[in-house]
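1. What shape does this take:
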Amino acid sequence: MRRSFTLIEILIVVLILGILSTVSLIHLNRVIERSRWLEARMILNELRLGQKKLEISGLPLCEAEYDPTVQGFKCINVYFTESKYFDYRLWRTRFVAEAKRKSGPLVNRVMYIDIDGNLDYTGDTPDWVKY
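-> Now for the predicted structure:
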């Protein structure tokens, strides 16, 4: 006589697989989000290193741009760029660079870096993002 699985046994196996897949998806999402923040940290560090090179070279920290409203030149202090997940800003006169999350679970959280490489975060940014 052939022995087959009962309905209860099959339901228990499906339940266990569901729990395992849920836990692994939660962990996977956290790893993906952390990698996005690490990418932003890398870009901010590149901005910081570029700023240090400008300081060492003695070039002006500010570029001039013609402003027709004042009929003269003004200093460009803030540079802005964006990526798929973050908006980046760089203030050149007092070096601070920031990365602001555009979407996702930590939307509108901001990471700052100064000329010495010190990182700071806004709000209740989780520790798994910071380290």
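
2. Nearest spatial neighbour of the residue nearest the centre of the chain, chain-adjacent residues omitted?
-> Geometric centre of the chain, nearest residue: residue 37, 3.4 Å, by C-alpha atoms, centre = their mean. Spatial nearest neighbour of residue 37, excluding adjacent residues (C-beta to C-beta, 6 or more residues apart in numbering): residue 129 at 4.8 Å. For every residue, glycine as well, the C-beta is placed using N, CA and C.

3. Could you list the buried residues of stretch 25-34?
-> Of the residues in stretch 25-34, residue 33 count as buried by neighbour count, 16 or more other C-beta atoms under 10 Å.

4. typo on my end, it should be stretch 43-62
-> Along stretch 43-62, these residues count as buried under the neighbour rule (16+ other C-beta under 10 Å): 43-44, 47-48, 51.

5. Narrow these to those in strands?
-> Among the buried residues of stretch 43-62, no member is found in strands (DSSP state E).

6. which of these sit farthest apart?
-> Farthest-apart pair in the buried residues of stretch 43-62 is 43 and 51; separation 12.9 Å (C-beta to C-beta).

7. centre of the chain versus stretch 35-53, how much separation?
-> Here stretch 35-53 is found 10 Å from its chain centre; the criterion is C-alpha atoms, centre = their mean, to the nearest Å.
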